[in-house]
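In: just a sequence and a predicted model for now, questions to come.
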Amino acid sequence: MTDYEEVGTAGGGEELTSALLARATLLHLNGDPESALRELRPSLRSKACDGRIRAAAGRIQFELKDYEAAAESYRAAAMLRPGYATAHFELARCLERLKRWPEAAREFQTALRLDPENAAASLGYGISLLNLDRGGEAMAVFEECLNREPGLPAALLGKSIALKSVGRAGAARGVLEELLSERPELETSMAALLGAGQPTNMVDSEPDSVRSMAIRQPELAAVLEGMASSDFASGDYESAAAHCQALAKLEPDNVEAWFNIGVAQQRNKRVDEAQAAYAEVMRLDPGLAAAHLNLGMLEFGEGDYNRAAKRFERALELSPRLEPALWNLALLRERQGDTEGAAALYTRLTGTNPEWVDAWFHLGYMKLLSGDAHAAAEAFEVCLAKRGPWVEASSNAGIAYWRLGEMDKAAQAFEAALKIEPKFVEALHGLGAVAMETGDLSRALELYRKLCEAGERSPEVLYNRAWLEQRAGKVETAVRFYGQVLNVQPDFAEALINLGQIRQSTGDEHAAIAYFQRALELKPELARAYFEPMSA
């Protein structure tokens, strides 16, 4: 068992099943197990669902610690594929986490019947028996493990606990001492070999010894794989990297081990180590698209956009519908300012997966930037239909409709944004612009007052507030805000003209002339305003 299955493995199933599993796997590779599970759910509702899809769902549910759901998925997989030893083993692991020991023991036993060489199943069976207070039977299971694999640390520890459970504390201590004397190079907790389902008395019985026991290089790859899988599920990427490295040392050509080293070190933010692991993956399997994808993500994060783009493009050559590669390449193009290129990639991604709502949002934004307001409005409406209330999507839809001249729709969109977040500045701006455009000046004044209260101090906001206050007869307030405009932008000619008109209306011709002169020096074309003073 490894953290990730190989991308694109069909396993003899139908093409549709293979494609579905590939999409889910890629989402999982990108660190999004919830989306991977959502990808599988429609198929899970079908009575004709393939056993591999059930097992994949179980895998993700287990990682998400939804052990009940995972158990049901593995149970269904086992029923759909008679003789599927892995399904029975994973079902037993779920039941172990749920502390349903009788069922766990039964499933471990079935897994062993189907695959007698499964050392991890033997250990799990022994642990289940211990939790059922069947220490004598458990001891026999651990001894059988030791007959097959002398010195196996997990079996030695299990045997020690079994001995103590049947009242043989001296013998139990002797087994632990034997292990410590034979393997002095101990560094990680021996208890980890037994998994999270170990009985409480296993760690309480000899706390000092158990906590100090570990093994540097376990011989059994299956134990290492199980430990790494548990580490990934619990988010202990430090330990996962160590176990995968030990596995790669045992099996230098194990592509999955090297790939999982890369994943673990990527999560640990150790870029050099992750890159080295992925380089080894590509040496062993140059056609593994996921390795190119993950390397690209590392380079993207380091700011090496050109190399990252080449990685993503290579991943897409190998797997044209690889959604994380499309997403990351689109984000990269957007970061580079390539609006057209990014929009094309987001369009491909939404075509491949119409449920990728964030891709729709970015597509809408790219269309806004490129001036295609109609396409932008459509994209943001998709966002709202799929995700529901969303302040940024509503506000951007409002901008698109405003550019299209559809003021009613623009107002509705901005109002929807403000209903979610009443002080959302972008929506206040937009709604204020709509009110100005439609001549609803009282509403516009209300909105620009709110913008100022929210701390907006751009010259345009201050000018519109001043102009609207002037139209409303609030001359003193208007003068104050025109003054603030000029404090921010001294060459704002329109503000100077309007101040001149106000001074002229109050009979202060000297001040009025001074304002007009400054304005006309900046914008001679404003001279006509002198003869067309604003009515209060």
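Out: Noted; the coordinates are in hand. Residues are numbered from 1 along each chain as shown.
In: can you give me the neighbour number for residue 337?
Out: For residue 337, the count of nearby residues is 9 (other CB atoms under 10 Å). C-beta: built from backbone N, CA, C; applies to glycine.
In: oops, could you answer that again for residue 521 instead?
Out: Using other CB under 10 Å: residue 521 sits among 11 other residues.
In: in which helix or strand would I find it?
Out: Assigned by DSSP states H and E, residue 521 belongs to helix 509-522.
In: how about residue 418?
Out: Using DSSP H and E, residue 418 falls in helix 407-420.
In: run the chain-centre distance for that helix.
Out: Distance of helix 407-420 from its chain centroid, counting by CA atoms, centre = their mean, to the nearest Å, is 30 Å.
In: who's in contact with whatever helix or strand comes next after that helix?
Out: On the C-terminal side of helix 407-420, the closest following helix or strand by DSSP H and E is helix 425-438. For helix 425-438, the external contacting residues (CB atoms under 8 Å, 6 or more residues apart in numbering) are 391-392, 394-395, 398-399, 402, 407, 410-411, 413-415, 417-418, 421, 441, 443-444, 447-448, 450-451, 454, 456, 461, 464.
In: can you check stretch 285-303 too?
Out: 4, 6-8, 26, 29-30, 255, 259, 262-263, 266, 271, 274-275, 278-279, 281-282, 305, 307-312, 314-316, 318-319, 322, 324-325, 328-329, 331-332.
In: restricted to buried residues, select these in ChimeraX.
Out: The ChimeraX selection below is limited to those of those classed as buried (16 or more other CB atoms under 10 Å):
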select :4,7,8,26,29,30,255,259,262,263,266,274,275,278,281,282,308,309,311,312,314,315,316,318,319,322,324,325,328,329,331,332
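In: the contacts of stretch 285-303 in helices, which ones?
Out: 26, 29, 255, 259, 262-263, 266, 271, 274-275, 278-279, 281-282, 305, 307-312, 314-316, 318, 324-325, 328-329, 331-332 (DSSP state H).
In: how about the contacts made by residue 51?
Out: 76-78, 80-81, 84, 87.
In: and it, how far from residue 479?
Out: 78 Å (CB to CB, to the nearest Å).
In: so how far is residue 414 from residue 402?
Out: 8 Å.
In: higher neighbour count, the two?
Out: Under the criterion of other CB under 10 Å, the comparison of residue 402 against residue 414 puts residue 414 first, with 29 against 22.
In: quick check: domain ranges of the protein?
Out: 286-369, 389-449, 457-536 (automatic domain parsing).
In: quick one: end-to-end distance for the second one.
Out: Using CA to CA, to the nearest Å, the end-to-end distance of domain 389-449 comes out at 26 Å.
In: mind checking the pLDDT average for that domain?
Out: In this model, domain 389-449 has a mean pLDDT of 94.
In: number the residues from 896 up from this point.
Out: Taking 896 as the first residue, the last one we looked at is domain 1284-1344.
In: and residue 1270, how many neighbours does it have?
Out: 18.
In: with residue 1420 instead?
Out: Neighbours of residue 1420 (other CB under 10 Å): 8.
In: can you tell me how far it sits from residue 1310?
Out: On the measure of CB to CB, residue 1420 and residue 1310 end up 37 Å apart.
In: ok, residue 1049 next?
Out: 63 Å.
In: can you list the weak-confidence ranges in this structure?
Out: For the chain, the stretches flagged by pLDDT under 70 are 896-913, 941-943, 1067, 1071-1122, 1124-1126, 1128-1129, 1421-1431.
In: so what's residue 1058 up against?
Out: Per CB under 8 Å, 6+ apart, neighbours of residue 1058: 1030, 1034, 1064, 1066-1067, 1070.
In: keep only those of those residues that are in helices.
Out: 1030, 1034, 1064, 1066-1067, 1070.
In: nearest to residue 1008 among these?
Out: residue 1034 (20.5 Å; CB to CB).
In: would you mind measuring from the nearest residue to that closest one once chain neighbours are set aside to residue 1394?
Out: Among residues not flanking residue 1034 along the chain, residue 1057 sits closest, at 3.7 Å (CB to CB, 6 or more residues apart in numbering). According to CB to CB, residue 1057 stands 93 Å off from residue 1394.
In: compare those two (neighbour count), which wins?
Out: Remark: of residue 1057 and residue 1394, residue 1057 carries more neighbours, 28 against 25, as counted by other CB under 10 Å.
In: quick check: the more buried one touching residue 1026?
Out: No. Using CB atoms under 8 Å, residue 1057 is not in contact with residue 1026, being 11.4 Å away.
In: which two in the contacts of residue 946 are spaced the farthest apart?
Out: Top of the distance list for the contacts of residue 946 (CB to CB): 971 and 979, 10.7 Å.
In: before we move on, the earlier item: show me which residues of the helix holding residue 1416 are buried.
Out: 1407, 1410-1411, 1413-1415.
In: would you list these in TSV and tack on distance to residue 1053?
Out: Formatted as TSV, the buried residues of helix 1404-1417 follow (distance: CB to CB, whole Å):
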residue	distance to residue 1053
1407	97
1410	92
1411	95
1413	90
1414	90
1415	94
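In: which of these sits closest to residue 931?
Out: Checking these one by one against residue 931 (CB to CB), the nearest turns out to be residue 1414, at 62.6 Å.
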